[in-house]
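**Student:** sequence plus predicted model, see below.
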Amino acid sequence: MAKCPNGHEQRLGLKCKMCGGPLSYRESLEELRKLPKVVPDYGKVSILTVGYRRLPLPADYEGEVLVGEADLRSAAAFQASSIRGGSWLDFQRKYRRDLQRWMTIVGMKKAAEKYIVMDTTSPLSVLTLSALPTLEHTAIVAIAADQDSTPVEQNTSFVALSLALKKGIPVIALSETFEKEMLFFTEDRGFVASGDALTRLLEPLLAAADDIMDLLERDLKLGVKLHSLSAIVAGSKSVYGIATNAYTAQNYNVSLPAKPDDYKTVYSLAFSRKDQAGEFEKSFGVFRNRKFKSVLSAEFRFHETSSQLYDLMTIYGLKGDDLLQNIAPGYEAIVNSVPELSAEGVS
């Protein structure tokens, strides 16, 4: 700020308004060199979709990694050009460094909680995981190959899931068949399927982002990295009656097949009116004691909503790598033909 010989400061002018002395701008030049510190707000939740079109989810940042006709980069998208006959290895070799640079530029590390929604049968899944920097408070919602998938899809999914678990990133997995058959009711659009159903399934997850990340990171300390889920979306008493019936019903539609001994943790989140909280909590206790009495950790968490309908989501922590073993035959069939497409050495 300019000063007169008597030390009076003034923003603009040739003479001081207080004493009439001439203003000197020479000393203020040094202050002009000091640029204001930029402190960007990266928000609380960021979502990166891989192998999917960007899902319309409530997040502070939404990005996507996808394949298109040409290489394109923007603040919200990393588009790799299609590679004819390309495997996950071809995309990884060509784009890994570029994707690492893009993730740094868009601030992947900055949001408080990071969710990656990933189709692990897509070659982009291995590329993304190999380029992903070490991130805190990160989870993956993965569409995983199953026994109905092709050997190529099983190979790609096996490598992607192996890499995610190797990096210690918690995974909530949905089998490819489960994802294709999802059908949910919504209050504003009626029944939805496919990508719209996935969006509707993820909405309560993100509404409880703090709780979900807390529970997944707790499981990591117990050695549990892989999870499945079951859900009732837009449920009501007129359909299910008491909450115990709702818990029983949703247990018949779990995103991954598992044996009773495979379950290590079970967590339930209910989204409903406040006056229903007690009933849901009590019913979860009954459900847990009937089905999962020997699990290492179990907890119920409630989120109040104003809707007459409720969402009920249960997340199950699973033992070991049974999911990988289920798709191992297809993975090995490809590796036997093309040894380079092995999960060994991928990082």
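**Tutor:** Great, that's in hand. Numbers count the residues shown, from 1 in each chain.

**Student:** for the helix or strand where residue 156 lies, packing partners?
**Tutor:** Per DSSP states H and E: residue 156 is located in helix 151-166. Packing contacts for helix 151-166, counted by 3 or more CB pairs under 8 Å, 6 or more residues apart in numbering; DSSP states H and E, involve helix 88-105, helix 123-131, strand 138-144, strand 171-175, helix 322-337. Yep, even glycine has a C-beta here, placed from its N, CA and C like the rest.

**Student:** now the helices: where do they sit in the stretch 151-300 of the chain?
**Tutor:** 151-166, 176-181, 194-207, 209-221, 237-240, 243-250, 277-291 (DSSP state H, counting those that start in this stretch).

**Student:** and residue 82, which of those helices is closest to it?
**Tutor:** Closest approach to residue 82 among the helices of the stretch 151-300 of the chain (CB to CB): helix 151-166, 15.7 Å.

**Student:** rewinding a little: tell me the mean pLDDT for the helix holding residue 156?
**Tutor:** Helix 151-166 carries an average pLDDT of 96.

**Student:** after the lowest-mean-pLDDT helix or strand in the chain, which helix or strand is next? Please name it.
**Tutor:** Ranked by mean pLDDT, DSSP states H and E, the weakest helix or strand in the chain is helix 29-32, scoring a mean of 63. Later in the chain than helix 29-32, the nearest helix or strand by DSSP H and E is strand 45-50.

**Student:** run through who's touching that following strand.
**Tutor:** 55, 57-66, 108, 110-119, 122, 124-125, 128, 206, 209 (CB atoms under 8 Å, 6 or more residues apart in numbering).

**Student:** change it to 6 Å
**Tutor:** 55, 57, 59-65, 111, 113-118, 124-125, 128, 209 (CB atoms under 6 Å, 6 or more residues apart in numbering).

**Student:** check the offset of it from the chain's centre.
**Tutor:** In terms of CA atoms, centre = their mean, to the nearest Å, the centre of strand 45-50 is found 6 Å from the chain centre.

**Student:** does residue 219 touch residue 318 like I think?
**Tutor:** No: using CB atoms under 6 Å, residue 219 is not in contact with residue 318, being 9.7 Å away.

**Student:** can I get stretch 334-347 in CSV? Just the C-alpha atoms.
**Tutor:** C-alpha atoms of stretch 334-347 as CSV (Å, rounded to 0.1, in the frame of the first residue of the first chain):
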residue,chain,number,x,y,z
ILE,A,334,-5.8,-67.3,-20.5
VAL,A,335,-2.5,-67.3,-18.7
ASN,A,336,-1.7,-70.8,-20.1
SER,A,337,-2.1,-69.3,-23.6
VAL,A,338,-0.6,-65.9,-22.9
PRO,A,339,1.7,-66.0,-19.9
GLU,A,340,2.1,-62.2,-20.0
LEU,A,341,-1.5,-61.8,-18.8
SER,A,342,-0.6,-63.2,-15.3
ALA,A,343,-1.3,-61.3,-12.1
GLU,A,344,2.2,-61.9,-10.9
GLY,A,345,4.4,-58.8,-11.0
VAL,A,346,1.5,-56.4,-11.7
SER,A,347,1.8,-53.4,-9.4
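
**Student:** can you tell me how far the closest residue to residue 346 other than its chain neighbours is from residue 111?
**Tutor:** Leaving aside its sequence neighbours, residue 346 sits nearest to residue 163 (CB to CB, 6 or more residues apart in numbering; 5.6 Å). Going from residue 163 to residue 111 by CB to CB, to the nearest Å gives 22 Å.

**Student:** cool, residue 206 as well?
**Tutor:** Relative to residue 111, and taking CB to CB, residue 206 is found at 12 Å.

**Student:** give me the element the most centrally placed residue in the chain is part of.
**Tutor:** Among the residues of the chain, the one closest to the centroid is residue 115, at 2.1 Å (CA atoms, centre = their mean). Using DSSP H and E, the secondary-structure element containing residue 115 is strand 113-119.

**Student:** neighbours around residue 151, how many?
**Tutor:** By other CB atoms under 10 Å, 17 other residues sit near residue 151.

**Student:** repeat for residue 50
**Tutor:** Neighbours of residue 50 using other CB under 10 Å come to 25.

**Student:** how about residue 280, nearest residue that isn't a chain neighbour?
**Tutor:** Using CB to CB, 6+ apart, the closest residue to residue 280 is residue 270 (4.1 Å).

**Student:** report the beta-bridge partners for the one you found.
**Tutor:** Beta bridges link residue 270 to residue 302, residue 312 when assigned by DSSP bridges.

**Student:** so who does it touch?
**Tutor:** With CB under 6 Å, 6+ apart, residue 270 has these contacts: 280, 302, 312.

**Student:** give me that answer again for 7 Å
**Tutor:** 280, 302, 310, 312 (CB atoms under 7 Å, 6 or more residues apart in numbering).

**Student:** ok, the first one to residue 104 distance?
**Tutor:** Think residue 280. 43 Å.

**Student:** so the two - more neighbours on which side?
**Tutor:** More neighbours surround residue 280 than the other of residue 280 and residue 104, with 23 against 11 (other CB under 10 Å).

**Student:** mind listing what the more buried one touches?
**Tutor:** 243, 270, 272, 302.

**Student:** out of the residues you listed, the closest to residue 328 would be?
**Tutor:** residue 270 (36.4 Å).

**Student:** can you give me the domain boundaries for the protein?
**Tutor:** 1-39, 44-181+322-347 (automatic domain parsing).

**Student:** wait, residue 63 sits on residue 75?
**Tutor:** No: checked against CB atoms under 7 Å, the pair residue 63 and residue 75 is beyond contact range at 8.0 Å.

**Student:** thank you, goodbye.
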